[in-house]
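Trainee: 3D model of this:
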Amino acid sequence: MNRFPFSTGPARIAADIGSLATAPLREVAPRLHTALEEVWPHSALVIFTEDCTGRPQKKAGDAEITGRVTIAELDALRRSANGEQWSGHAAFGGQPRAVVTLKADTGAILVLCEPREVVDEDAAAYARTLWEVVAASIVRQVTEAAPDYLRESRAVSSERLQVTAELTDRHVADLESLLATLRSRDLDHSRARALATDLAADALIRARTGGDLVASIAEEPVSHAFQRLKKELRPLSRSEALDIQFVEPPADGRALPGEVAHAARAIVRSTVLLMHDQEAVTRVRVQWNCDGTHLLISMRDDGPGRLDRGLPALRQLVARATALGGRLDLEAIADWGSRVDVYMPLDPPDTSDQAVHAWDLAPRETEVLRLITAGRRNRQIAAHLGISENTVKFHTSQLYRKLGVTSRAAAATLATEAGLR
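Mentor: The predicted structure is shown next:
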C-alpha cells in the first residue's frame, strides 16, 4: 500500500532522489521545490550553507519572497535551529512569516516559507530524506571542486556583496538613531548620554556579528583549511603503508577565499592518491605556504618518478588550478621521485579595465561606481569626490543606463563580478 501523499510510489521516489543527487548547484533549489510540491507544499524555499562560498543561499518559489530574504535572516534562523526541525514565525523576506527550518548533518539549513501542515509522518520523513540528499550533494560538489564550480564561485560575489550592503544599511540606521538621540531636545544630558551609550553598545555587537558572518561566508583561515586537509587524509595514512608528512602554513597567514581552500584540498587529495598509486611510494610530503598574494602548495614523493602530465586525472588537477587563475607544475625524475607545485592567487584577476571600456564609462563615472561597489552612500561619495549629491545622482543615473540596471545593488554586483575594486 502506498502511504505517501502522491500518486506514484517507488518510481516517483527513485526519480526524485536521482534528480536531486545529480542536480548541479544552480538547480538544487528548483528541483527540491518541485519534489516537495506534493509532499510538503510551500510558497518558497531557501537553502543556506556556508560550504558553497559563491552562492551560500539557493532559492526557489515565490520571487516576491525569495528576492527579499537577507543573509542576516537566514543566519538568525540557523542559530535558532537547535534541533533537526523548527517551526514558527520569524523574519523572512522582510516581514514575519510562518516558516519551517530543517537542519542537515552538514550544518546547512532548508527554510520552507508558508508551508502547509503535514500530518503524515511518512511524508515528513520523506521530505527530510530529500533534504539530506540535497545537503550531501552540495558538500560533495564543493569538496570535489570541479573547474566549472570554481570558476562560478570566483566570479559570483553577489551574495557577499548583499551581506556588505545589508551591514552598511544597518550601520547607517544605527548612526542615525545615535545622532537623533544626541540631538534630542526632549532629553536631558544624562538621559541622552545613557541612551546613546546603549545604542552604541548594541550597534557594536551587531557590527562584530555581521563582520564575523561576512568572513565565515567568504573566507577560511589558512591554518583551519590545512587542518581540514590533514583530517581528510588521515584515513589514507592509517590504512595504507604511507607516511604523509605535513609542513604547516604560517598560523597568521592571510585567510583563503572559500573557493581557493576547496580547490587546494581537492588538488592535494587527488595528487596524494596519484602518487600513492605508483610503485614503491612510502612517503609523501605536503607543504602549504602563503606569501600574501598566493597559496603555494608543494607535494613530493619518494617513488620512481613516473608521474605523467598527460594522465587524465592530472589534467583535471591542472584544470582546477587554471580555473582560479593559477598553475600546476610537475617535475618527475626517474628513480628520484615526483614533485607537484601549485600556485593559486588569492584574488581574482583584475578585469576592471576591460569592463570600463565595454561599458564606455567616463573617469568620474568609474570613480562613482567604485565607491558604490564599496558600499558608500550618495552623501559619502559626494564628500569623498568633492561634488554635490545631485551630481552624484546624475552620475548614478548614467551608470544605471550604461550598465542596463535599475538599482545600486545590481550595479555593484556587475562591477564586482567584473573585477572593479
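
Trainee: which stretches of the stretch 251-400 of the chain have low pLDDT?
Mentor: Under the criterion pLDDT under 70, the flagged ranges of the stretch 251-400 of the chain are 349-355.

Trainee: in it, which spans are strands?
Mentor: Counting by DSSP state E, counting those that start in this stretch, the stretch 251-400 of the chain forms strands over residues 256-257, 283-290, 294-301, 327-333, 337-345, given from the N-terminal end onward.

Trainee: Can I get those in JSON lines including mean neighbour count and distance to V405?
Mentor: (Each C-beta comes from the backbone N, C-alpha and C, glycine too.) Written out in JSON lines, the entries for those read as follows (neighbours: other Cβ atoms under 10 Å; distance: least, Cβ to Cβ, whole Å):
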{"stretch": "strand 256-257", "mean neighbour count": "25", "distance to V405": "25"}
{"stretch": "strand 283-290", "mean neighbour count": "19", "distance to V405": "36"}
{"stretch": "strand 294-301", "mean neighbour count": "21", "distance to V405": "34"}
{"stretch": "strand 327-333", "mean neighbour count": "15", "distance to V405": "35"}
{"stretch": "strand 337-345", "mean neighbour count": "21", "distance to V405": "28"}
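
Trainee: Which of the ones you listed sits closest to I387?
Mentor: strand 256-257 (34.3 Å; Cβ to Cβ).

Trainee: Please state the offset of the closest one from the chain centre?
Mentor: When C-alpha coordinates are averaged (Cα atoms, centre = their mean, to the nearest Å), strand 256-257 and its chain have centres 11 Å apart.

Trainee: Stretch 394-408 too?
Mentor: Per Cα atoms, centre = their mean, the centroid offset for stretch 394-408 relative to its chain is 27 Å.

Trainee: Just the CA atoms of it, as PDB, please.
Mentor: Output for stretch 394-408, consisting of C-alpha atoms alone and laid out as PDB, is shown next (Å, rounded to 0.1, in the frame of the first residue of the first chain):
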ATOM      1  CA  PHE A 394      23.300  62.300 -12.100                       C
ATOM      2  CA  HIS A 395      26.400  60.100 -12.500                       C
ATOM      3  CA  THR A 396      24.400  57.200 -10.800                       C
ATOM      4  CA  SER A 397      21.600  57.500 -13.300                       C
ATOM      5  CA  GLN A 398      24.100  57.500 -16.200                       C
ATOM      6  CA  LEU A 399      25.700  54.400 -14.700                       C
ATOM      7  CA  TYR A 400      22.400  52.600 -14.500                       C
ATOM      8  CA  ARG A 401      21.700  53.400 -18.200                       C
ATOM      9  CA  LYS A 402      25.100  52.200 -19.400                       C
ATOM     10  CA  LEU A 403      25.100  49.000 -17.200                       C
ATOM     11  CA  GLY A 404      21.500  48.200 -18.000                       C
ATOM     12  CA  VAL A 405      20.400  48.000 -14.400                       C
ATOM     13  CA  THR A 406      17.900  49.800 -12.100                       C
ATOM     14  CA  SER A 407      19.400  49.600  -8.600                       C
ATOM     15  CA  ARG A 408      22.600  50.200  -6.700                       C
END
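
Trainee: Quick check: closest non-adjacent residue to A136.
Mentor: Distances taken as Cβ to Cβ, 6 or more residues apart in numbering put T106 closest to A136, at 6.9 Å, once the chain neighbours are dropped.

Trainee: no, scratch that, I was asking about I297
Mentor: Taking Cβ to Cβ, 6+ apart, and ignoring the residues beside it in sequence, I297 has V342 as its nearest neighbour in space, at 4.0 Å.

Trainee: That neighbour against G326, yeah?
Mentor: Yes. Checked against Cβ atoms under 8 Å, the pair V342 and G326 is within contact range at 6.4 Å.

Trainee: Quick one: mean pLDDT over stretch 35-52.
Mentor: When pLDDT is averaged along stretch 35-52, the result is 87.

Trainee: And it, what's buried?
Mentor: Within stretch 35-52, the residues scored as buried using 16 or more other Cβ atoms under 10 Å are 35-36, 39-40, 42-52.

Trainee: Do a quick rundown of the strands in the stretch 101-250 of the chain.
Mentor: Residue ranges of the strands in the stretch 101-250 of the chain, as given by DSSP E, counting those that start in this stretch, are 109-113, 219-220, 243-247.

Trainee: would you list those strands in a markdown table and tack on mean neighbour count, distance to D198 and mean pLDDT?
Mentor: As requested, these are exported to a markdown table (neighbours: other Cβ atoms under 10 Å; distance: least, Cβ to Cβ, whole Å; pLDDT from 0 to 100):
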| stretch | mean neighbour count | distance to D198 | mean pLDDT |
| --- | --- | --- | --- |
| strand 109-113 | 25 | 32 | 94 |
| strand 219-220 | 22 | 32 | 80 |
| strand 243-247 | 14 | 49 | 93 |
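
Trainee: Quick check: pLDDT value at the residue lying farthest from the centre of the chain.
Mentor: Checked against the mean C-alpha position of the chain, the extreme residue using Cα atoms, centre = their mean is D188, at a distance of 47.2 Å. According to the model's per-residue confidence, D188 sits at a pLDDT of 75.

Trainee: Cool, thanks, signing off.
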